[in-house]
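Participant: Next one to model:
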Amino acid sequence: MSAERRIAAFFDLADRGLKSAETLFRDGQFEDAAYFAQQIVERLARALLTKAGIPFGTSHNLGQMASALPEGHPFKSRINEFDSLSSAATKYRYPTSSGWLPQPPDIEGLRKTLDDLTVLTREAKAYVYGRTPSV
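Facilitator: Residues are numbered from 1 along each chain as shown. Next up is the predicted model:
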């Protein structure tokens, strides 16, 4: 698969994730919306890593992905800002070891995160495709 096609696929998945997260948030399924928030950042990070020619394994750790971007990369710190979502890749998909469901995420914080991800997605696409982001 070409790098361009892989990048486009990651952006398509990020867009789908945004729609899913918004629907889940609106329906009060905050844990699932948080999972999708993590997935959105992961997909954006993978698109940016692919664009930079940096292979990355199967980890879901957003901080590690940000660290793999070259020094001075305009999205290195921005991806790292979402590192606290890394645990959402698995946290809300399984019960705790004692059988309890995990505590739901902070709803106001999640709302802000989803809004921030809408902007991040638009800006990452603009960066990769060499366009000025639309406001």
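Participant: Nearest the middle, which residue of the protein would you pick?
Facilitator: In the chain, the C-alpha closest to the average C-alpha coordinate belongs to Val41, at a distance of 1.2 Å (Cα atoms, centre = their mean).
Participant: give me the low-pLDDT residue ranges for this structure?
Facilitator: For the chain, applying pLDDT under 70 flags the ranges 1, 132-135.
Participant: got the residue ranges for the helices in this protein?
Facilitator: Remark: helices assigned in the chain by DSSP state H are 3-26, 30-51, 62-68, 76-80, 107-129.
Participant: these two touch, right, Leu13 and Arg43?
Facilitator: Yes. With contact taken as Cβ atoms under 8 Å, Leu13 and Arg43 are classed as touching, separated by 4.8 Å. Any C-beta I mention is one placed from the backbone N, CA and C, and that applies to glycine too.
Participant: So which of those two has more stuff around it?
Facilitator: Set side by side, Leu13 and Arg43 show more neighbours around Arg43, with 22 against 17, by other Cβ atoms under 10 Å.
Participant: Turn the helices of the chain into a markdown table, columns for distance to Ala89.
Facilitator: Rendered in a markdown table, the data for the helices of the chain read as follows (distance: least, Cβ to Cβ, whole Å):
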| stretch | distance to Ala89 |
| --- | --- |
| helix 3-26 | 12 |
| helix 30-51 | 5 |
| helix 62-68 | 9 |
| helix 76-80 | 14 |
| helix 107-129 | 14 |
